[in-house]
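Engineer: Just need the structure, nothing else, for what follows:
(one chain, ligands or ions: 1)
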Amino acid sequence: MKPVLVVGASVGGSTAANTLAQAGVPVILLERDLSWVKPCGGALPPVAFDEFDIPHRLISRKVRTAEIHSPTERTTAIRVAGLKDRPNDFVAMACREDLDPFLRGRAVQNGAQLIEGKLTDLTVDDDGVTVAYTAKADGSKQSLRVEAVIGADGAYSTVAKLLGLERLPYCTAIQERIALPPSQMERWHDTAALYLGPDVSPDLYAWVFPKEDHVAVGLGAGPGKAKEVRQLLTNLKERVAHDLQGGEIMMEEAYALPIHPRKRMAFDRVMLVGDAAGLVAATSGEGIYWAMKSAQRAAQTLIEHLPDASHAVLRQYERAWWRDYGTMYRFLQWLQKWGYGNARQMEVFTDMCRNNDVQQLTFESYMYKEMTPVPWLAQMRMTGDILGAQIRHYWPRRVFAG
Ligand SMILES: Cc1cc2nc3c(=O)[nH]c(=O)nc-3n(C[C@H](O)[C@H](O)[C@H](O)COP(=O)(O)OP(=O)(O)OC[C@H]3O[C@@H](n4cnc5c(N)ncnc54)[C@H](O)[C@@H]3O)c2cc1C
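Structural biologist: Now for the predicted structure:
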């Protein structure tokens with residue numbers, strides 16, 4: 001059997017390659033630049049470490065308090081705890097320069113062949129796929145013959161482009177990594193903060209995520225706002241200035257964040273996973289777990305069916321994905337529009353986050369990725385609180401205007 005080619009050796013690609021290699025499927029992992037570090041906040045649910053067998057030593061910090069700052073700086077501090085309050089209740093903060101090489105190295109150890117080169121072309125025929133790439137070492141043009149391709153090559157996916165697919169609308173996410181003196185790091189010891197407001201993010205949120213010796217200070221902004229993100233970052237740093245005193249900028253990084261998933265992720269002999277398929281969750285901007293999960297599922301589909309890699313077979317990956325997660329993606333897209341739609345809605349969103357049931361259910365589903373049925377009493381309490389907040393933030397102005 002010809003090998004499977006995985007394009008992109010980041011979190012998604014390395015997970016796909018490792019899953020295939022462990023099952024004894026010959027696999028080539030093609031990465032255009034092994035020294036590149038993916039711009040990323042590095043927030044991960046603890047379940048990712050169990051599910052993908054990632055050692056906890058790669059956790060730079062465990063966050064147990066999440067602060068939400070409304071546009072008018074009303075602050076809610078939330079304990080990171082799910083429904084059962086378990087020791088694993090935390091948000092893990094990882095550095096991509098540690099996580100990606102670990103996942104890549106493990107795939108290689110298990111038998112994947114790693115090539116540093118940039119995919120430039122692919123042609124699908126009845127018997128396989130012919131792939132062209134440019135080798136990084138000497139710039140030479142090379143070609144490969146493979147059974148199937150998994151496109152894990154991120155937001156600007158070359159695989160998607162070569163399939164003739166349109167580029168997805170994407171948010172732009174930017175962040176600075178700022179080294180803080182130890183005394184100032186104490187403020188962020190086990191705390192992450194989210195900032196809402198059109199001044200820092202018109203339609204998503206801004207963040208401060210702590211790592212061992214620095215904080216990542218960043219934000220996302222919706223399609224068409226790439227030119228504004230630097231100014232928004234300056235505004236954010238002014239808002240957080242007190243808690244960043246004495247800090248030194250280590251680096252600035254930015255990249256696309258695709259929060260509009262592709263409906264079609266499977267084709268004849270080709271599948272798209274992670275950011276290449278636009279699988280970042282709206283509202284939270286979470287993409288690492290979903291890249292690994294989709295990559296694992298795409299690889300499992302191939303393991304089950306190779307040498308048959310026809311569209312009819314690979315569609316099972318796509319169908320199962322939307323069956324299991326379609327509701328979640330649609331809900332989070334709706335929530336983003338509702339909660340981050342304007343400054344007043346952001347105030348309502350902050351109030352909603354004060355509700356105990358909302359907190360527990362949100363963290364339960366984020367940390368353990370299980371859809372939890374919501375008891376009717378909790379539903380009533382949440383609805384009551386949300387309606388109350390909605391009225392509080394809109395009613396007085398109408399009365400005064402009248
Ligand atoms: C600023 C920022 C902050 C973020 N913060 C978080 C966060 O805190 N938590 C979270 O869960 N998600 C976060 N995300 C999203 C997360 O980074 C992505 O969802 C995740 O990295 C997607 O993984 P992936 O493997 O699909 O693609 P990527 O990580 O983008 O990797 C794609 C890989 O493909 C390679 N490649 C591209 N083109 C080619 C080619 N032609 N040939 C060969 N190789 C190629 C690239 O070099 C790269 O290594 C953030 C994103 C940004 C931009």
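Engineer: Output the lowest mean pLDDT helix or strand found in the protein.
Structural biologist: Every helix and strand of the chain was ranked by mean pLDDT, DSSP states H and E. The lowest is helix 376-401, at a mean of 78.
Engineer: Just the buried residues of that helix, please?
Structural biologist: Applying a neighbour-count criterion of 16 or more other CB atoms under 10 Å, one finds 378, 382, 385-386, 389-390, 393 buried in helix 376-401. C-beta here means a position set from N, CA and C on the backbone, and glycine is covered the same way.
Engineer: One more: stretch 349-363?
Structural biologist: 349-353, 355, 357-363.
Engineer: Find the helix or strand that the closest residue to Glu97 other than its chain neighbours is a member of.
Structural biologist: Of all residues not flanking Glu97 in the chain, Val37 sits nearest, at 4.7 Å (CB to CB, 6 or more residues apart in numbering). Val37 is part of no helix or strand, with elements assigned from DSSP states H and E.
Engineer: now swap in Pro373 and tell me
Structural biologist: For Pro373, there is no helix or strand it lies in under DSSP H and E.
Engineer: Now for Gly154: which residues touch it?
Structural biologist: 8, 10, 38, 256, 274-276 (CB atoms under 8 Å, 6 or more residues apart in numbering).
Engineer: Go through those and name the one nearest Tyr368.
Structural biologist: Nearest to Tyr368 among these is Gly274, at 20.6 Å by CB to CB.
Engineer: Any idea how many residues pack against the closest one?
Structural biologist: Burial of Gly274 is recorded as 33 neighbouring residues (other CB atoms under 10 Å).
Engineer: ok, it touching Ala298?
Structural biologist: No: Gly274 is not in contact with Ala298 according to CB atoms under 8 Å; the separation is 9.5 Å.
Engineer: low pLDDT regions in the stretch 251-400 of the chain?
Structural biologist: 396-400 (pLDDT under 70).
Engineer: what helix or strand does the residue in the stretch 301-402 of the chain positioned nearest to the ligand sit in?
Structural biologist: Nearest residue of the stretch 301-402 of the chain to the ligand: Tyr366, at 10.2 Å (CB to the nearest ligand atom). Here Tyr366 sits within helix 356-368, counting by DSSP H and E.
Engineer: now Trp207
Structural biologist: strand 201-210.
Engineer: cool, and Asp50?
Structural biologist: helix 46-51.
Engineer: next one: Met346
Structural biologist: Per DSSP H and E: helix 343-352 holds Met346.
Engineer: tell me the secondary structure for the nearest residue to Glu364 once chain neighbours are set aside?
Structural biologist: Among residues not flanking Glu364 along the chain, Gly82 sits closest, at 3.6 Å (CB to CB, 6+ apart). Under DSSP: H, G, I helix; E, B strand; the rest coil, the three-state class of Gly82 is coil.
Engineer: and Gly82, what pLDDT?
Structural biologist: Predicted confidence (pLDDT) at Gly82: the value is 86.
Engineer: Correct me if wrong: it contacts Lys369.
Structural biologist: No: judged on CB under 8 Å, Gly82 makes no contact with Lys369 at a distance of 11.1 Å.
Engineer: Which one of these two is surrounded by more residues?
Structural biologist: Taking other CB under 10 Å, Gly82 and Lys369 do not tie; Gly82 has more neighbours (21 against 16).
Engineer: Centroid-nearest residue for this protein?
Structural biologist: The centre of the chain sits closest to Gly287, judged by CA atoms, centre = their mean, with a distance of 1.5 Å.
Engineer: my guess is Leu180 contacts Met250, does it?
Structural biologist: No: contact criterion CB under 8 Å: Leu180 and Met250 do not qualify, at 10.3 Å.
Engineer: any common contacting residues for these two?
Structural biologist: The contact lists of Leu180 and Met250 share His214, where a contact means CB under 8 Å, 6+ apart.
Engineer: Same drill for those two, tell me which one is more crowded.
Structural biologist: More neighbours surround Leu180 than the other of Leu180 and Met250, with 20 against 13 (other CB under 10 Å).
Engineer: Tell me who's in contact with the more buried one.
Structural biologist: Residues near Leu180 by CB under 8 Å, 6+ apart: 188, 213-215, 244, 246-247.
Engineer: Show me which of those is closest to Gln109.
Structural biologist: Closest to Gln109, out of all of these and judged by CB to CB, is Asp213, at 28.7 Å.
Engineer: what's the burial count for that closest one?
Structural biologist: Neighbours around Asp213, by other CB under 10 Å: 13.
Engineer: Ramachandran angles for it?
Structural biologist: phi -120, psi 10 (degrees, to the nearest 10).
Engineer: what's near enough to touch the residue nearest to the centre of the chain?
Structural biologist: So Gly287 contacts 257, 274-275, 279-281 (CB under 8 Å, 6+ apart).
Engineer: Give me the subset of the residues you listed that also touch the ligand.
Structural biologist: With CB under 6 Å from any ligand atom as the criterion, these include 257, 274-275, 280 near the ligand.
Engineer: Pull the most distant pair out of those.
Structural biologist: Leu257 and Gly274 (11.8 Å).
Engineer: In contact with Met371: list those residues for me.
Structural biologist: Applying CB under 8 Å, 6+ apart, the residues near Met371 are 327-328, 365.
Engineer: Recalculate using a threshold of 7 Å.
Structural biologist: For Met371, the contacting residues are Ser365, by CB atoms under 7 Å, 6 or more residues apart in numbering.
Engineer: That one belongs to a strand, doesn't it?
Structural biologist: No: per three-state DSSP, Met371 lies outside any strand segment and is coil.
Engineer: measure it to Ser284 for me?
Structural biologist: Distance, Met371 to Ser284, using CB to CB, to the nearest Å: 15 Å.
Engineer: that older thread, so the residue nearest to Glu97 sits against Asp98, correct?
Structural biologist: No: taking CB atoms under 7 Å as the definition, Val37 is not a contact partner of Asp98, at 9.8 Å.
Engineer: Show me where the stretch 1-150 of the chain has its helices.
Structural biologist: For the stretch 1-150 of the chain, the helices defined by DSSP state H, counting those that start in this stretch cover 11-22, 46-51, 96-109.
Engineer: which stretch among those helices comes nearest Gly151?
Structural biologist: Gly151 lies closest to helix 11-22 among those, at 8.8 Å (CB to CB).
Engineer: Figure out how far that closest one is from the centre of its chain.
Structural biologist: Put simply, helix 11-22 sits 17 Å off its chain's centre (CA atoms, centre = their mean, to the nearest Å).
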